[in-house]
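Asker: show me the folded form of this:
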Amino acid sequence: FDGHIMNKPANAEDANRMLNMLSGNWHQVHTGVAVYAVDKMKADSTEPKLMFSFTDTARVKFSSLTETDIKAYIDTKEPFDKAGSYGIQGIGGQLVERIEGDFFTVMGLPMHRLSRELTDALNEVA
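Answerer: Take a look at the predicted model:
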């Protein structure tokens, strides 16, 4: 958000700070995926080989939140293991007003793009 990477919050105060920053604003969520493989056909092959990697981005618009909204959400304990202090797939989805891009990118695994990339990679080795 605004040039800042928002990791998982260190504590309730940190979650409050992040949620206040997001309140009423757009932000971007970037999810990186890397797929590695080991060639089991070679007996001495244990070194993973990068098959492909990509980053997918979605834009998320938060509702304008009151301090009561933020406190109630923090009290659920959901923000503490989530980058940016919210999980769109859980209670935090109620804080999201709009999304542009793949919902699953915001969740942390862009399923559609991953399936396409896997298909392409498998077709290359077939």
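
Asker: dump the residue contacts of Asn7.
Answerer: Ala83 (CB atoms under 8 Å, 6 or more residues apart in numbering). Every residue, glycine included, has its C-beta placed from N, CA and C.

Asker: surely it is within a helix?
Answerer: No - applying DSSP: H, G, I helix; E, B strand; the rest coil, one finds Asn7 to be coil, outside a helix.

Asker: which pLDDT value belongs to it?
Answerer: If you check Asn7, the pLDDT there is 92.

Asker: repeat for Lys42
Answerer: The predicted local confidence for Lys42 is 68.

Asker: in this structure, which spans are strands?
Answerer: 26-37, 49-62, 96-100 (DSSP state E).

Asker: turn the ones you listed into CSV, columns for distance to Thr119 and mean neighbour count.
Answerer: Converted to CSV, the strands of the chain look like this (distance: least, CB to CB, whole Å; neighbours: other CB atoms under 10 Å):
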stretch, distance to Thr119, mean neighbour count
strand 26-37, 12, 14
strand 49-62, 11, 15
strand 96-100, 25, 13
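
Asker: now for these, which one comes closest to Glu124?
Answerer: strand 49-62 (8.7 Å; CB to CB).

Asker: and the closest one, what does it pack against?
Answerer: Here strand 49-62 touches strand 26-37, strand 96-100, helix 103-107, helix 111-125, going by 3 or more CB pairs under 8 Å, 6 or more residues apart in numbering; DSSP states H and E.

Asker: redo that, cut-off 10 Å
Answerer: Other helices and strands packing on strand 49-62, by 3 or more CB pairs under 10 Å, 6 or more residues apart in numbering; DSSP states H and E, are helix 12-22, strand 26-37, strand 96-100, helix 103-107, helix 111-125.

Asker: columns distance to Phe54 and mean pLDDT on top of these, output as a markdown table?
Answerer: Shown next, in a markdown table, are the helices and strands packed on strand 49-62 (distance: least, CB to CB, whole Å; pLDDT from 0 to 100):
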| stretch | distance to Phe54 | mean pLDDT |
| --- | --- | --- |
| helix 12-22 | 25 | 96 |
| strand 26-37 | 6 | 94 |
| strand 96-100 | 18 | 97 |
| helix 103-107 | 11 | 94 |
| helix 111-125 | 6 | 90 |
